[in-house]
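> here's my sequence, what's the structure:
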Amino acid sequence: AAIGSLEGMSSLARGNLVRLSEQNVIDCSVSYGNHGCQGGTIYDAYQYILANEGVDTANGYPYRGRQYSCSFDSRYIGAEISGSVEVKEGDEYSLMAAVANAGPVAVGVDASSKAFRYYSSGIYNLPGCSSYSLTHALLIIGYSSSSSGDYWLLKNSW
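Numbering: from 1, shown residues only. You can find the predicted model right below:
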């Protein structure tokens, strides 16, 4: 989700999409608190990219499906983080503004329920989910409304 957010924001700023390397973050952000293919946090991924002054393109550092030694090469940097947008926890209006003005936003969610893991379509609404036990990252790519209410448009990857 961190890479997706950076791809989207970079694409909006530049006018073209440059695919960025998830593998770069998987292999190289362990010293920032992430755990390779076993997961990590959006924050730790961003901290790595900030400290590293960028992340490689997907062509320069292709996805291999498992963790390897870090082989970052600054010749292949496809994007860097040049700023941030602060969204107050629980403030959906600020989150909407961030998505509208900056682009896709990476968020953490509680993915512990079977209903979430086996979701297939429609508007997902599970009132009992935790806002503190964040076990999975998603990318908010938009928002909309229906007769059932307002909802977020999300991109997921396992």
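
> without its sequence neighbours, what residue ends up closest to residue 4?
residue 139 (4.3 Å; C-beta to C-beta, 6 or more residues apart in numbering). In this view, the C-beta of every residue, glycine as well, is placed from N, C-alpha and C.

> that neighbour contacts residue 1, doesn't it?
Yes: counting by C-beta atoms under 8 Å, residue 1 is a contact partner of residue 139 at 4.6 Å.

> give the residues shared as contacts by these two.
Common neighbours of residue 139 and residue 1 are listed as 106-107, 155 (criterion: C-beta atoms under 8 Å, 6 or more residues apart in numbering).

> just the buried ones from these, in PyMOL syntax?
What follows is the PyMOL syntax selecting those of these that are buried according to 16 or more other C-beta atoms under 10 Å:
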select buried, resi 106+107
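
> just checking, residue 3 is part of a strand?
No: using DSSP: H, G, I helix; E, B strand; the rest coil, the assignment for residue 3 is helix, not a strand.

> hang on, it packs against residue 22?
Yes: in terms of C-beta under 8 Å, residue 3 counts as a neighbour of residue 22; the distance is 5.1 Å.

> these two: who's more crowded?
It is residue 3, of residue 3 and residue 22, that has more neighbours when counted by other C-beta atoms under 10 Å, with 25 against 20.

> got the contact list for the more buried one?
So residue 3 contacts 20-22, 25, 45, 55 (C-beta under 8 Å, 6+ apart).

> equivalent analysis for residue 89, please.
Per C-beta under 8 Å, 6+ apart, neighbours of residue 89: residue 131.

> ok, 7 Å please
Under the criterion of C-beta atoms under 7 Å, 6 or more residues apart in numbering, residue 89 has no neighbours.

> now swap in residue 37 and tell me
With C-beta under 7 Å, 6+ apart, residue 37 has these contacts: 26, 66-67.
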